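Trainee: sequence isn't available, so here's the structure alone:
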């Protein structure tokens, strides 16, 4: 029994899915956290919200560590007398290792540090990817940062109008589809742009996300201002023997992902050839053929027959810009900008591209205007001039249907200066 | 030397970045980096990856709460120490993955995970979240830690996952169903491309704290924050500088409150849930898609949000019965037509669902092709 009566939250201890309420309670009972009352008081203030149906957290508050403008988010309770344990309850974002592999040793060290300096509550992980330490007081921020950097060689993540903590899929660590080394690029870009990550100098947030293939497990196309998505430009590798094994029912299709229901015998024509969006495949009962020139690398056939088909060997990434959630002009997905870039260390070509984009956005972007909104306001043509790329039909779904072309004067023979008097000599008023 | 408060900049270390990811690789992950050939899902939540070196790795995926205590993390560490030589990983969708390097280590790990329960009986480590099923719901902070939410996050997620639990631990759906929750339109959880999105929305314009607004906020920034130009300068009767909101032009985005603490808009009956469906992120077969609003409002119903749970479950079940193998929810709705979607799900269609914002016209139907 905790400090507060929480009948509504207690209802969330029932049912099969893990109960965060039970978990917070166990931290309150057994935990060694410095802010002893925090778990109980967090349940208390949440119970109050469950009763009132509104939040009891105040708007922001500027706190942080010296020299950084991001990584800590100020948070204060609007009922501090009732819930002193969470009266000051700041968030600390800790930059996660690329793709979130851990040793238990490191996780235990993080836990011990957070018990020493905070509430003992976390998010594993926050939406952007950070390890989130949930709730501490202002006087603990500097000691926490000191210990984290000195003892764990570990830094904070991003928040505010800066580069947000980059994120990537697990890539080559445990996936056969990774078309480039997502973890290495993510790490290298994070290190290269530490200044941009810690010290806000942008009009608004900027996110990088690195997906190893068009399956998009880290959601880069929807969630990042710069989306780097793995692809290849040669041929899908086919193991004809394994194709036959799928057709013969020896290997479960789609890696067994549909095993829970009887969908009938696998039919390669119905399930692969006919579902190919470009109709570039052929199965004659004996041999699978792919017209690779027409393939758009949607991944369907590879997903259905992972033991028979492999990505090509001339691999790299497509780079897209401008995704964001609805605030403010409406949700946007990223637009294809560089159809193909080789992704090899030290990734100089990528860095050059990033810096051109940032220079323009920092110069032209309005306060709280995301890159995708700036591109819409200024035009794709303007963006192409900035990144010094030639227009390419791959960048659009279709050409424009309105004829309102913003011709440039230099594109029009004789320029725009004309003499009305000359005109009138031939045309009466 | 410990931290010295009298000299905070002494021995200061900055710009270290994250730890190098390879420090955290188990030997089999390290050895086979970039060499994986294929994978198989042996049962819901259990994956086998095979490398060209002949090595194999077996993964057990379990659902996790994003809001997690260090006591729980330590228990995760105990399990990884016992079965996985001290290595583990987390996924983008708040799952935890335990990996072992041979098949004989798999069953003891699974048995151990299944045996662990919280004090009131909920599973600590439900196994699943793979293939054609429902995986963990990614979500935001809600009433646990945020100042702008319209709804709670963790509680709604717990209630919904309890309601569709059977689809987490099985693979009976036509394709994966990704459910996401964001507790306000800021969408730090970016749910706008999910098969099913649960979104917190407001329906009352901001209140104005006239006595304080000029002291707390930059008024021009609050005015500029409004995408519909609904906010203008005003003076109170006592002559204080303040703002005025044209309520009819307010679309309840909350952007003004983000800029100005003296304009709160959350409300016990005004705020609640909208349900969006049919988004996707992958490029598989069809292009990535935005989710579309199909239920404009469900009231906040703590602690277990029964109407929301029922709505999500209904959509999953109608889709499961009607869609073709491999067809994502949005592709199914598009194939049968949205008129059929509303008919089959028995969700009422109202004027709220027709777009009237920036790109509205692109979603209206300019065709005589429709279904009776």
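Mentor: Done, it's in. The structure presented is a predicted model; accordingly, all values stated were derived computationally and were not measured. Numbering: from 1, shown residues only, chains lettered A, B, ... in the order given.
Trainee: any idea of the mean pLDDT in the longest helix along chain B?
Mentor: Ranked by residue count under DSSP state H, the longest helix found in chain B is helix B:306-322. Per-residue pLDDT over helix B:306-322 has a mean of 98.
Trainee: follow the chain on from it and name the next helix or strand.
Mentor: Going down the chain from helix B:306-322, the next helix or strand is helix B:329-336, by DSSP states H and E.
Trainee: and whichever helix or strand comes after that next one, how far from the chain's centre?
Mentor: Moving toward the C-terminus from helix B:329-336, the next helix or strand (DSSP H and E) is helix B:338-345. How far helix B:338-345 lies from its chain's middle: 25 Å, per Cα atoms, centre = their mean, to the nearest Å.
Trainee: quick one: average pLDDT of helix B:338-345?
Mentor: Across helix B:338-345, pLDDT averages out at 98.
Trainee: what angle separates the longest helix of chain B from helix B:329-336?
Mentor: With axes from the mean of the first three to the mean of the last three Cα atoms, to 10 degrees as the basis, helix B:306-322 and helix B:329-336 are set at 60 degrees to each other.
Trainee: who touches helix B:306-322?
Mentor: The set of residues external to helix B:306-322 that reach it, using Cβ atoms under 8 Å, 6 or more residues apart in numbering or on different chains, is B:134, B:156, B:159-160, B:162-164, B:167, B:172-174, B:177, B:179, B:196, B:198, B:273, B:275, B:277, B:294-295, B:298-299, B:301, B:329, B:332, B:336, B:344-347. C-beta: built from backbone N, CA, C; applies to glycine.
Trainee: so which of those belong to helices?
Mentor: B:156, B:159-160, B:162-163, B:167, B:329, B:332, B:336, B:344-345.
Trainee: and the residues you listed near chain A, which?
Mentor: Applying Cβ under 8 Å from any Cβ of the partner chain to the ones in helices among the contacts of helix B:306-322, one finds that B:159, B:162 fall near chain A.
Trainee: adding neighbour count, write the ones in helices among the contacts of helix B:306-322 out as a markdown table.
Mentor: Listed next are these as a markdown table, based on neighbours: other Cβ atoms under 10 Å in any protein chain shown:
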| residue | neighbour count |
| --- | --- |
| B:156 | 29 |
| B:159 | 24 |
| B:160 | 26 |
| B:162 | 17 |
| B:163 | 21 |
| B:167 | 25 |
| B:329 | 29 |
| B:332 | 23 |
| B:336 | 16 |
| B:344 | 17 |
| B:345 | 19 |
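Trainee: how about low-confidence regions in the stretch 251-400 of chain A?
Mentor: Along the stretch 251-400 of chain A, the model assigns pLDDT under 70 to no residue.
Trainee: who in it is up against chain B?
Mentor: So far as Cβ under 8 Å from any Cβ goes, the stretch 251-400 of chain A lies against chain B at A:252, A:254-261, A:263, A:271, A:275, A:277, A:296-300, A:303-304, A:306-307, A:310, A:325-331, A:333, A:367-368.
Trainee: show the buried residues in the residues you listed.
Mentor: Among those, the ones that count as buried by 16 or more other Cβ atoms under 10 Å in any protein chain shown are A:252, A:254-260, A:263, A:271, A:275, A:297-300, A:303-304, A:306-307, A:310, A:325-331, A:333, A:368.
Trainee: before we move on, back to that, run the chain-centre distance for the longest helix of chain B.
Mentor: Centre-to-centre, helix B:306-322 and its host chain are 17 Å apart (Cα atoms, centre = their mean).
Trainee: how about stretch B:353-372?
Mentor: Distance of stretch B:353-372 from the chain centroid (Cα atoms, centre = their mean) equals 27 Å.
Trainee: swap in stretch A:180-199?
Mentor: That offset, for stretch A:180-199, works out to 13 Å (Cα atoms, centre = their mean).
Trainee: list the buried residues in that stretch.
Mentor: Buried residues in stretch A:180-199 (16+ other Cβ under 10 Å): A:180-190, A:192-194, A:196-199.
Trainee: same check on stretch B:37-52?
Mentor: The neighbour-count criterion (16+ other Cβ under 10 Å) identifies B:37-51 as the buried residues of stretch B:37-52.
Trainee: run through those and flag the ones next to chain A.
Mentor: Checking the buried residues of stretch B:37-52 against chain A (Cβ under 8 Å from any Cβ), the matches are B:37-44, B:49.
Trainee: how about residue B:48, phi and psi?
Mentor: Dihedral pair for residue B:48: phi -120, psi 130, per degrees, to the nearest 10.
Trainee: show me what contacts it?
Mentor: Under the criterion of Cβ under 8 Å, 6+ apart, the neighbours of residue B:48 are B:39-42, B:56-59.
Trainee: would you say residue A:264 is within a helix?
Mentor: No - judged by DSSP: H, G, I helix; E, B strand; the rest coil, residue A:264 forms no part of a helix; its state is coil.
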